[in-house]
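# structure, please.
(one chain, ligands or ions: 1)
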Amino acid sequence: MTSKKRRRREERPAIHPKNKYSESPPDFALLASQYPSFEPYVFYSRDGRPRIDWTDFNATRELTRILLLHDHGLNWWIPDGQLCPTVPNRSNYIHWIEDLLSSDIIPKTSSNGDKVKGFDIGTGANCIYPLLGASLLGWIFVGSDITDVALEWAEKNVKSNPHIAELIEIRKVESCENTLPIQESHNDRSAQDKSNVGMSSHVDEEAEPSSSSSFDLPIGANRSYHGPPILLGVVRDGEKFDFCMCNPPFFETMGEAGLNPKTSCGGTLAEMVCPGGERAFISQIIEDSVALKQTFRWYTSMIGRKSNLKVLISKLREVGVTIVRTTEFVQGQTCRWGLAWSFVPPARKIISRQVAEKKNLSFMLEGVQRQFSAIDVLQSIESFLCTGGASCKLNSSSFTIDVTASNDHCNALLKNEVNHVHEGSAVKHLEETSSGSSCLHVPTNSLCFQIMVFQQIPGTLLVKASLQHRDSSLPGLFSLIFRQLEENLRYNFCR
Ligand SMILES: C[S@@+](CC[C@H](N)C(=O)[O-])C[C@H]1O[C@@H](n2cnc3c(N)ncnc32)[C@H](O)[C@@H]1O
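Sure thing, here's the model as predicted:
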């Protein structure tokens, strides 16, 4: 492996810590000894490690079946050729949503009592997200799909699990007159044969868009969605959801999917392809979200290609969402991204007068992921502050940054949440006035402060800030910015 490749690998974020497989991956030898149906698929490589042939659909399907049974108590099956999910990877998306819901980025509401209610767009025959969400976290789900085979098998998978069956509704998406007909019949063997995308021996996850694909078309190229409804027309009057999630059809053509050598887990035409690919599909979800607004607290989708992530974030800015969050998912050797947005006004942060008047502030950044050092954190602080236009002087030997921020810079930092999406901080901070109403405190002069980063023990950094002018009239603003910085750094560097 080249050092560049090795570095890329090391820099990748780890599997979500709440994921059942975060400490150790599935033990094939143990599973083979306990499940005779899995045993024929396990062989031992020269280094003595138990392996399975990832190019064998039956092997990957059996692995998924026994992992769902062994680790989640779920009965599960899919017919030949349908997209076979990888349990550890799919669990990461569920845990990311769990993080979003438990964060205080937007206020909590309880439209469905104490229950969290989600909508899985395109649940597939495998129905993996509702099954995992309901069994791991007790979430209620509506899982939608368009093909008969997906609807039939999703229903079967739900009914095979009576302990959670009540929590999951499978909903058929009715095609509108002006949409293209649904392209797949599950009895169409030739379509299935063609669409069982190629498999490789080294990648343990399903299809990734090929790098030579037309995903690289310039922004504005003709990729509008004209398929069946996605959310609008499927969500019923009066329904409220905490989130929606989606593993969209990534490709524009089956040829594009089939050209990719890094695929291994089946997938039929309807599962893998939609006109305009994922960009068009997710753009349509964004358009639906503009109409549905706060019907969902969070709208989320998985994205297969980073260039699409950028385009979609720009689209979100255009339509005026209040919050955008992104994440990167570890998928074997394949990268995927998560995109989340909301129309719910961000939670109001109230800064007490005591904190507002402090001139020296600090916080401990604990649980910093191994691949990040103090200098990474320092640079991230610099870029966070520069986004608002503040002037920063970074000193990499003393690990300090001297900052001067004007009124406008401070306002830009506190107001413009979407500018910080990639750093993850998207909370609008407001100061409570004596009358109880809230407003942004606009300063009349500049704010000068120094930020210092100290390594405490491995994985723990101390971040300090001190206001340079003790007579400054802006301490409230100083603490607001520092608090936003803290949130930003925690999101970027800590698990
Ligand atoms: C990539 S598969 C995802 C299946 C499953 N959620 C998973 O993660 O393995 C995409 C699914 O979206 C479905 N689909 C396509 N267009 C849809 C639409 N407009 N509404 C609902 N589902 C749709 C397809 O039939 C397919 O089952």
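
# tell me how many other residues surround the closest residue to the ligand within the stretch 51-200 of the chain.
Closest to the ligand within the stretch 51-200 of the chain is residue 122: 2.2 Å, counting by C-beta to the nearest ligand atom. (C-beta placed from N, C-alpha, C; glycine too.) Other residues near residue 122 come to 23 when the count uses other C-beta atoms under 10 Å.

# just to check, it is in contact with residue 144?
Yes - contact criterion C-beta atoms under 8 Å: residue 122 and residue 144 qualify, at 6.8 Å.

# check contacts around residue 271.
Contact partners of residue 271, counting by C-beta atoms under 8 Å, 6 or more residues apart in numbering, are 82, 83, 122, 124, 150, 195, 249.

# now it: which helix or strand?
In the assignment (DSSP states H and E), residue 271 maps to helix 269-272.

# how far does that helix sit from the chain's center?
Averaging C-alpha positions (C-alpha atoms, centre = their mean, to the nearest Å) puts helix 269-272 22 Å from its chain's average.

# next SSE after that helix?
Later in the chain than helix 269-272, the nearest helix or strand by DSSP H and E is helix 277-292.

# ok, how many other residues are close to residue 175?
Neighbour count of residue 175, defined by other C-beta under 10 Å: 14.

# part of a helix, is it?
No - according to DSSP: H, G, I helix; E, B strand; the rest coil, the state of residue 175 is coil, so it is not within a helix.

# follow-up on the earlier one: point out the ones among the contacts of residue 271 that are inside strands.
When those are checked against strands (DSSP state E), there are no matches.

# identify the farthest-apart pair in the residues you listed.
Greatest spatial distance among the contacts of residue 271 (C-beta to C-beta): 122 and 195, at 15.5 Å.

# tell me the residues of the chain that contact the ligand?
83, 85, 121-124, 126, 128-129, 144-147, 150, 173, 227-228, 230, 247, 249, 270-271, 274 (C-beta under 6 Å from any ligand atom).

# what helix or strand is residue 453 on?
According to DSSP H and E, residue 453 maps onto strand 447-457.

# what does residue 65 give?
Per DSSP H and E, residue 65 falls inside helix 57-72.

# that helix packs against which elements?
Using 3 or more C-beta pairs under 8 Å, 6 or more residues apart in numbering; DSSP states H and E as the contact test, the elements touching helix 57-72 are helix 28-34, strand 50-52, helix 87-102, helix 128-137.

# below-threshold pLDDT in this structure: ranges please.
Flagging of the chain using pLDDT under 70 yields the residue ranges 1-14, 176-223, 254, 256-264, 331, 348-356, 415-445, 469-475, 495.

# ok so, going back, just the buried members of the contacts of residue 271?
By neighbour count, with 16 or more other C-beta atoms under 10 Å, these hold 82, 83, 122, 124, 150, 195, 249 as buried.

# distance of the fifth one from residue 64?
Okay, so that is residue 150. To residue 64, residue 150 is 16 Å away according to C-beta to C-beta, to the nearest Å.

# got it, and residue 101?
Taking C-beta to C-beta, one finds residue 101 at 26 Å from residue 64.

# same question for residue 307.
Distance, residue 307 to residue 64, by C-beta to C-beta: 30 Å.

# the two: which has the busier surroundings?
Comparing residue 307 with residue 64 by other C-beta under 10 Å, the one with more neighbours is residue 64, at 21 against 14.

# run through who's touching stretch 143-162.
Stretch 143-162 has contacts (C-beta under 8 Å, 6+ apart) with 74-79, 82, 119-127, 129-131, 135, 164-165, 168-173, 175, 182, 184-186, 227-228, 234, 268, 270-271.

# for the residue nearest to the spatial centre of the chain, grab phi and psi.
With distances taken as C-alpha atoms, centre = their mean, residue 338 lies nearest the centre of the chain, 2.6 Å away. Note on residue 338: backbone dihedrals following degrees, to the nearest 10 are phi -110, psi 140.

# which phi and psi values does the closest residue to it other than its chain neighbours adopt?
Spatial nearest neighbour of residue 338, chain neighbours left out: residue 327 (4.3 Å); criterion: C-beta to C-beta, 6 or more residues apart in numbering. When quoted as degrees, to the nearest 10, the phi and psi of residue 327 stand at phi -150, psi 170.

# surely residue 327 and residue 96 touch.
Yes - at 5.5 Å, residue 327 and residue 96 qualify as touching, with contact defined as C-beta under 8 Å.

# report how many residues lie close to residue 391.
Neighbour count for residue 391, taken as other C-beta under 10 Å: 14.

# for residue 278, that is, sorry about that
Neighbours around residue 278, by other C-beta under 10 Å: 25.

# what sits against it?
Residues counted as contacts of residue 278 (C-beta under 8 Å, 6+ apart) are 209, 215, 248, 249, 250, 251, 303, 304, 305, 308.

# returning to that earlier point: now the common contact residues for residue 327 and residue 96.
Common neighbours of residue 327 and residue 96, using C-beta under 8 Å, 6+ apart, are residue 338.

# identify the spatial nearest neighbour of residue 326, chain neighbours not counted.
Once flanking residues are discounted, residue 326 sits nearest to residue 339: 5.6 Å by C-beta to C-beta, 6+ apart.

# which outside residues touch the one helix or strand the one you found maps to?
Following DSSP H and E, one finds residue 339 within strand 334-342. With C-beta under 8 Å, 6+ apart as the contact definition, strand 334-342 has outside contacts at 12, 93, 96-97, 100, 105-106, 203, 205, 208, 262, 282, 286, 289, 296-304, 306, 309, 312-313, 316, 321-329.

# now, those that are in strands?
Applying DSSP E to those, the entries found in strands are 296-303, 323-329.

# and those residues, which is closest to the ligand?
Of all the ones in strands among the contacts of strand 334-342, residue 302 has the smallest distance to the ligand: 7.8 Å, by C-beta to the nearest ligand atom.

# need the contact list for the spatially closest residue to that closest one that is not a sequence neighbour.
Nearest non-adjacent residue to residue 302, counting by C-beta to C-beta, 6+ apart: residue 247, 4.8 Å away. Each residue near residue 247 by C-beta under 8 Å, 6+ apart is listed here: 93, 122, 124, 129, 302.

# over to residue 392?
382, 385, 386, 401, 402, 403.

# please pick the buried ones from those residues.
Among the contacts of residue 392, those buried by neighbour count (16+ other C-beta under 10 Å) are 382, 385, 386, 401, 403.

# now these as TSV including distance to residue 358 and secondary structure?
Putting the buried ones among the contacts of residue 392 into TSV (distance: C-beta to C-beta, whole Å; DSSP: H, G, I helix; E, B strand; the rest coil) gives the following:
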residue	distance to residue 358	secondary structure
382	23	helix
385	19	helix
386	24	helix
401	19	strand
403	17	strand
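
# return the member of the residues you listed nearest to residue 113.
For these, the nearest to residue 113 is residue 385 (42.6 Å; C-beta to C-beta).

# my guess is the closest one meets residue 404, correct?
No - contact between residue 385 and residue 404 fails when scored by C-beta under 8 Å: they sit 9.8 Å apart.

# now the residue nearest to residue 302: how far from residue 324?
From residue 247 across to residue 324, the span is 19 Å (C-beta to C-beta).
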